[in-house]
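Novice: From the sequence below, what's the structure:
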Amino acid sequence: MCSGFLRYLFSGSSAPPSRLHDVLLNFSVDLHRHQLQLRDGGSADGNVFTSPFAIALALAATHAGSRSETASQLAQVLHLQDDLIDDVRKEFADMVLHLADAAPDVKVHLANGVAVDRGVRTSADFKDLLESGYDGSVKELDLRKNPQRSRTELNSWVEEKTKFQVADTLPLGVVTPSTSVLLVNAMYLKGQWDSDFKSDYTSRKPFRETRDKTSMVEMMFQRKNYKTAFCKTLDVNALEIPYFGKKVSMVILLPQKVDGLATLEANLTATNLQALLRRLCEDDDVELNLPKFKLEQSSSLRKVLESMGAQDLFTDRADLAGFTDSKGVRVSEVVHKAVLEIGEEGAEGVFATPVIMMCYGGASFNFNVDHPFMFLIRSCNPDVILFMGSVRHL
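Specialist: From the prediction side, this is the model:
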């Protein structure tokens, strides 16, 4: 189990102030939206999957080492208001410092590193802050002289940090002779459902990727009480599946229409997502059909973060004076990988329009995840989104 902040996620401690929750919620939705927009310029039918929490943790650490306009842009990306920056930073650090034993049935492995060329002088204060406040470390390597060896070493480091669950985080070509600083970030979650799906009920069933294309998948089945909600504004049904201990859960956002995912993605905001999550309520009887799937996605986030407003960080205008006194240092790339596997036992790994919602109750309700959907995995105390994804094909 990863130390630091991740142990706090699953403790019985009281929730942190809502400022950090709001920051991470807004960042998660914004990050996902920008990833989808950039994806639309390439493969519009692909899955999109990341850990917004892990990425925010890396960017918050980078923000702490940045100055002037670079810091302002990172604050904008993270949805940090100027008067709350210090408070939110302290809340991140407090979660790391005030440790609690982790829930033994949910494992999260995080690799959060800043790879630095040996020619860059890194501040000792920043190294200490990264380790104590952001569960990270500085990796000093010969990035410029030996980029391929450095890439191999970084991939090995990520594997070790994630207990060999995340491999090949950095693809060929990411580390080059011009690389001086590289942010490397990976996250893996494995847990057991509060109520396992029986493998005897799993069978091959169709998953309608589009109105004209269907694939056959391993579909799990369970009938029990689940928290559900419906949002008319988003035209989406939501269902929450708790992990053992009920401190972490998976929330499925299932459009009513087979081709409704794009509409859901376009209309989703932090405001209506939070309202939907708050309205989840217990159902008497739900028949759930959920496909088994594994998502493993490595993302180079420079273009995404630039589109969100972090432009100076990747140019000669970057001001990283809190990180190094070396001149002309900039971040070359932010590489992130997330791995999640869903099976019978669990995971291997201001809105103007009124939001109209209701709880289902009484009669049996069929929740059939047989077409494209969104999902998120969140901790309950504090309420933090760990993973978020859009699944179009399996």
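Novice: In this protein, spot the helix with the most residues.
Specialist: helix 18-39 (DSSP state H).
Novice: and that one, what other elements does it pack with?
Specialist: Packing partners of helix 18-39 (3 or more CB pairs under 8 Å, 6 or more residues apart in numbering; DSSP states H and E): strand 48-50, helix 52-64, helix 85-97, helix 261-267, helix 270-278, helix 302-308, strand 383-391. In this view, the C-beta of every residue, glycine as well, is placed from N, C-alpha and C.
Novice: Which of those sits closest to residue 230?
Specialist: helix 270-278 (8.8 Å; CB to CB).
Novice: next structured bit after the closest one?
Specialist: Next helix or strand after helix 270-278 toward the C-terminus (DSSP states H and E): strand 281-282.
Novice: avg pLDDT for stretch 247-255?
Specialist: For stretch 247-255, mean pLDDT is 94.
Novice: still on that earlier bit, of all the helices and strands packed on helix 18-39, which one is nearest residue 217?
Specialist: Closest approach to residue 217 among the helices and strands packed on helix 18-39 is made by strand 383-391 (10.7 Å; CB to CB).
Novice: Quick one: the helices in the stretch 101-250 of the chain, in order.
Specialist: Using DSSP state H, counting those that start in this stretch, the helices found in the stretch 101-250 of the chain span residues 124-134, 147-161.
Novice: Which among these is found nearest to residue 107?
Specialist: Smallest distance to residue 107 across these (CB to CB): 12.9 Å, for helix 147-161.
Novice: got a list of contacts for the closest one?
Specialist: Residues outside helix 147-161 that contact it (CB atoms under 8 Å, 6 or more residues apart in numbering) are 2, 109-111, 113, 115, 139, 141-143, 165-170, 172, 174-177, 179, 182, 184, 186, 337.
Novice: Just the buried ones from these?
Specialist: Buried by 16 or more other CB atoms under 10 Å: 2, 109-111, 113, 115, 139, 141, 143, 165-166, 169-170, 174-175, 179, 182, 184, 186, 337, out of the contacts of helix 147-161.
Novice: In strands, which of these fall?
Specialist: 109-111, 113, 115, 139, 141, 182, 184, 186, 337 (DSSP state E).
Novice: wait, which of these is closest to residue 50?
Specialist: Distances from residue 50 to those, taken by CB to CB, are shortest for residue 337, at 8.9 Å.
Novice: Show the pLDDT at the closest one.
Specialist: So, for residue 337, pLDDT stands at 95.
Novice: Same question for residue 389.
Specialist: Model confidence at residue 389 (pLDDT) stands at 96.
Novice: tell me the contacts of it?
Specialist: Counting by CB under 8 Å, 6+ apart, residue 389 makes contact with 47-50, 295, 340, 374-376.
Novice: Tell me the bridge partners for it.
Specialist: Beta bridges link residue 389 to residue 49, residue 375, judged by DSSP bridges.
Novice: Was I right to think residue 383 contacts residue 22?
Specialist: No: in this structure, residue 383 is not within contact of residue 22 by CB atoms under 8 Å, at 10.0 Å.
Novice: Low-confidence ranges, the stretch 151-300 of the chain, go.
Specialist: Scanning the stretch 151-300 of the chain for pLDDT under 70 picks out 284.
Novice: So this structure: which segments form each domain?
Specialist: 5-191+295-341, 199-293+344-391 (automatic domain parsing).
Novice: Which of these has the highest mean neighbour count?
Specialist: Neighbour counts (mean count of other CB atoms under 10 Å) averaged over each of the domains of the chain peak at domain 5-191+295-341, with a mean of 19.
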